[in-house]
Every structure is written in structure tokens, then in C-alpha cells.
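1. okay, structure incoming, though there's no sequence with it:
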């Protein structure tokens with residue numbers, strides 16, 4: 001019996017080619033674009049991110065070309081609550097969020113999957129560069145993409161076994177050049193469309209302006225300190241700074257970095273070169289893809305940023321469900337609010353939020 005799949009389509013080349021590949025593989029493919037909250041839902045207009053109206057129309061045209069059904073799923077309220085409000089809240093409390101991970105966790109692989117299953121559709125799919133397989137024991141595993149430069153496994157660590165059982169990722173064995181070539185082959189108008197910006201609801205990557213406009217937030221100046229607690233100057237407001245930042249912090253006659261952000265005291269602590277490295281971290285809100293809790297110390301590789309190379313480390317369970325990661329070599333700019341993702345070679349074990 002023919003299996004069906006609901007594919008999330010952003011209007012970009014990756015999800016469009018993924019849809020074409022799935023149809024070629026014999027699935028009954030249904031395209032769906034998630035209607036998310038954007039600037040156009042506020043007083044601002046002309047937003048052209050991946051969830052703008054133009055993206056919906058690009059996805060619709062691709063589906064017409066492929067001869068597949070197309071739906072728009074209204075997830076505006078959920079996106080605003082789970083992604084936008086979370087993003088603003090984290091920044092105003094001195095932490096650096098990752099909204100793409102939140103979107104994947106709550107919308108793409110939870111809400112969209114529930115919608116598909118309610119429609120009696122067997123699978124969901126996306127254009128992510130990662131691979132889903134089963135191990136010798138029948139467990140589902142998530143692997144890094146064959147194309148290391150495009151690998152997106154870092155933002156996918158929240159998968160459960162149930163979600164993986166109903167998810168397809170057809171681009172895991174392709175690189176970007178091959179995907180664009182396939183788009184040309186299939187005659188898709190998005191073949192040369194540029195990649196969307198990283199955070200779809202923030203104009204020009206200006207996080208501070210977005211937070212001020214969206215939340216009517218008034219940044220509160222405070223003290224800039226050195227590691228001994230001496231006052232060096234005054235900052236403009238916590239939302240303008242992140243751990244490891246070097247530019248825009250003032251001149252002190254020597255290289256300085258943001259080492260700590262203390263929302264309670266409204267202070268920023270700067271350290272000299274070298275102090276931006278950390279030997280270890282603790283992480284909360286931890287997920288293991290196997291569905292099993294960590295019982296003993298494990299030798300792993302860990303990534304503390306999307307673009308960071310995996311670093312050798314020991315993963316220790318803590319009594320309250322959190323974990324401690326101790327690195328073989330200190331890592332730069334370990335940042336509260338960001339994700340730390342655990343790997344065994346190219347297999348994603350899971351991850352958590354850096355405390």
C-alpha cells in the first residue's frame with residue numbers, strides 16, 4: 001500500500017527538492033507550509049523571511065509543478081508563544097536563545113506531526129540535512145548529514161523515538177550543490193533562490209531592535225566590570241551583549257571579551273584574552289534520542305554552537321536529571337541558553353540547554 005507523507009515546505013530549494021525526491025520514491029506527497037507569526041503581523045511590514053507570504057506562494061507553486069496537494073497550517077499563536085516570546089524572554093534575562101531549536105521541537109516535529117497523524121498521513125518530512133536510520137536493535141537513530149558543511153543535526157537533538165518513527169529526511173546524503181542541480185532537473189523555479197536568514201522573524205539580524213519593538217522593552221544601562229569586580233564602564237542594556245563578544249564593548253587598551261552576563265545585578269563582566277574559554281558546563285532540559293536516561297559517565301563529542309566542531313568530552317549524569325560536560329580541551333564562549341549537543345561519532349545522542 002502506498003505510504004503518505006506531509007512535508008513541511010518553506011518555499012526554499014531544500015524542502016522543494018525533498019518533496020520531489022519523496023514523490024519519485026513512490027510516496028503520496030502532500031505539501032504544507034506553516035503559517036507563522038512574522039513582522040507582517042505587527043506594525044512592521046515587508047518582511048521576506050522563510051515564513052512570509054511570498055514563501056507560502058513559492059511553496060504553492062512548487063507543489064503545483066510537482067502535482068501534489070498543498071495546505072497552509074496556521075501555527076501563528078503557537079509560534080509566537082513557543083518561539084518568539086521565548087526568544088525575547090531569554091535575551092531580557094541575560095541568556096542567548098536558539099529559536100530554531102524551539103521551532104523544531106514544538107512545531108515541526110510535534111504540532112505538524114500530530115496534524116499529519118490526525119489526517120491519517122503516515123509520515124512527516126523536512127528538507128533538513130540529517131539522516132534517520134535504525135540500529136541493529138531496532139532503535140531509531142539520528143545521524144549527521146553526509147555533507148558536513150550543511151549538517152543540521154545540532155538543531156534536531158530533541159527527537160523522540162516516536163517522532164523519528166514517523167519522520168523522513170531525504171536530503172541526508174546530498175550536498176547543497178547536488179540539491180540545487182536536482183531542483184534544476186525537476187524544473188523548480190526555486191533552484192537558485194538564496195537561503196533564508198537564520199532567524200526568520202528578526203529583520204536584518206537586529207535582535208535588540210526587534211526586542212525593543214516587539215516587547216516595548218526599555219534597555220536598562222548598568223555596570224561593566226572586570227573579573228575582580230572593578231567598574232570599567234557602563235553598558236547600554238543586556239540585550240546588546242552575548243558571551244564571547246569582542247566588538248561593541250568599549251576600548252580598554254587590551255583585548256577584552258564578555259565573560260559573564262548577570263541579569264539579576266544588571267552587570268556585564270569582561271575578561272582578558274583566554275578567559276572566554278571554559279573547561280566544563282552543566283545543562284538542563286536534557287533529551288536523549290534513545291529515550292533512556294544517562295546512567296553512567298560516557299565518553300562523547302559535544303558541540304556548544306551550530307558551527308563549532310565536535311569536541312571530545314566526558315558526559316556525567318547529575319542526580320536531578322541535568323548533566324555535566326567536561327571537555328578535554330577548553331571551549332570558547334560557552335553560552336547560557338544555547339544548546340549543547342552530544343555525539344557518538346556521527347550519531348546524535350541528544351542534547352540540552354546550557355546553564
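-> Received it, and whenever you're ready, just let me know what you need. Here the structure is a predicted model, which means the values were calculated and not measured. Residues are numbered from 1 along each chain as shown.

2. so what does the helix ranked longest in the chain touch, helix or strand wise?
-> The longest helix of the chain (DSSP state H) is helix 53-66. If contacts are counted by 3 or more C-beta pairs under 8 Å, 6 or more residues apart in numbering; DSSP states H and E, helix 53-66 sits against helix 13-24, strand 28-35, strand 69-74. In short, each C-beta sits where N, CA and C put it, glycine included.

3. need the winner for burial among these.
-> Most buried of those, by mean neighbour count (mean count of other C-beta atoms under 10 Å): helix 13-24, with a mean of 24.

4. just the angle for that helix relative to helix 53-66, thanks.
-> 20 degrees (axes from the mean of the first three to the mean of the last three C-alpha atoms, to 10 degrees).

5. now do helix 13-24 against strand 69-74, angle only.
-> Using the same axes, to 10 degrees: helix 13-24 against strand 69-74 is 140 degrees.

6. ignoring the adjacent residues along the chain, who's closest to residue 219?
-> Nearest non-adjacent residue to residue 219, counting by C-beta to C-beta, 6 or more residues apart in numbering: residue 237, 2.4 Å away.

7. tell me the pLDDT of residue 163.
-> For residue 163, the pLDDT comes out at 98.

8. three-state assignment of it?
-> Using DSSP: H, G, I helix; E, B strand; the rest coil, the structure places residue 163 in helix.

9. residues contacting it?
-> Residues near residue 163 by C-beta atoms under 8 Å, 6 or more residues apart in numbering: 109, 110, 113.

10. what sits against the second one?
-> Put plainly, it is residue 110. residue 163.

11. repeat for residue 286
-> 294, 321, 322, 323, 350, 351, 352.

12. pull out the buried positions in the strand or helix carrying it.
-> Per DSSP states H and E: residue 286 is located in strand 277-288. Neighbour counts over strand 277-288 (16 or more other C-beta atoms under 10 Å) mark 277, 278, 281, 282, 283, 286, 287, 288 as buried.

13. what about the fourth one, distance to residue 355?
-> From residue 282 across to residue 355, the span is 5 Å (C-beta to C-beta, to the nearest Å).

14. also residue 137?
-> 32 Å.

15. what of residue 148?
-> For residue 148, the distance to residue 355 - C-beta to C-beta - is 29 Å.

16. show me which of these two is the more surrounded one.
-> residue 355 (14 against 11; other C-beta atoms under 10 Å).

17. the more buried one: what's it in contact with?
-> By C-beta under 8 Å, 6+ apart, residue 355 lies in contact with 281, 282, 283, 284, 322, 336.

18. which one of these is nearest to residue 213?
-> residue 336 (24.4 Å; C-beta to C-beta).

19. burial count for the spatially closest residue to that closest one that is not a sequence neighbour?
-> Closest residue to residue 336 apart from its sequence neighbours, by C-beta to C-beta, 6+ apart: residue 95 at 4.7 Å. Neighbours of residue 95 under the rule other C-beta under 10 Å: 20.

20. A strand includes residue 337, no?
-> No: under three-state DSSP, residue 337 sits outside any strand and is assigned coil.

21. does residue 284 touch residue 336 like I think?
-> No: contact criterion C-beta atoms under 8 Å: residue 284 and residue 336 do not qualify, at 10.3 Å.

22. if we can go back for a sec, can you name the next helix or strand after the strand holding residue 286?
-> strand 298-303.

23. following that following strand, which helix or strand shows up next?
-> Next along from strand 298-303, by DSSP H and E: strand 311-317.

24. give me the buried positions along that next one.
-> So, applying 16+ other C-beta under 10 Å, buried residues of strand 311-317: 311, 313, 315, 316, 317.

25. what pairs with the next helix or strand along the chain from it, parallel or antiparallel?
-> Per DSSP H and E, the first helix or strand lying C-terminal to strand 311-317 is strand 323-332. Looking at strand 323-332 with DSSP bridges, its partner strands are strand 277-288 (antiparallel), strand 311-317 (antiparallel).

26. next, the angle from the shortest one to strand 298-303.
-> Between the direction of strand 311-317 and that of strand 298-303, the angle (the same axes, to 10 degrees) works out to 120 degrees.

27. ok, and what's touching strand 311-317?
-> Residues contacting strand 311-317 (C-beta under 8 Å, 6+ apart): 293-304, 323-329, 331, 342.

28. of the contacts of residue 286, select the buried ones using a PyMOL command.
-> Listed next is the PyMOL selection for buried residues among the contacts of residue 286, using 16+ other C-beta under 10 Å:
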select buried, resi 294+322+323+350+351+352
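
29. from the contacts of residue 286, which single one is nearest residue 57?
-> Checking the contacts of residue 286 one by one against residue 57 (C-beta to C-beta), the nearest turns out to be residue 351, at 34.8 Å.

30. if we can go back for a sec, closest to residue 176 out of the contacts of residue 163?
-> residue 109 (22.5 Å).

31. excluding sequence neighbours, find me the nearest residue to the closest one.
-> residue 163 (5.0 Å).

32. now that neighbour: how far from residue 113?
-> Counting by C-beta to C-beta, the gap from residue 163 to residue 113 is 6 Å.

33. confidence score at residue 46?
-> Looking at residue 46, the pLDDT reads 41.

34. same check, this time on residue 53
-> 75.

35. residues touching the closest residue to residue 151 other than its chain neighbours, list them.
-> For residue 151, ignoring the flanking residues on the chain, the nearest one in space by C-beta to C-beta, 6+ apart is residue 145 at 4.1 Å. Contacts for residue 145 (C-beta under 8 Å, 6+ apart) come out as 129, 130, 131, 151, 152, 153, 171, 172, 173.
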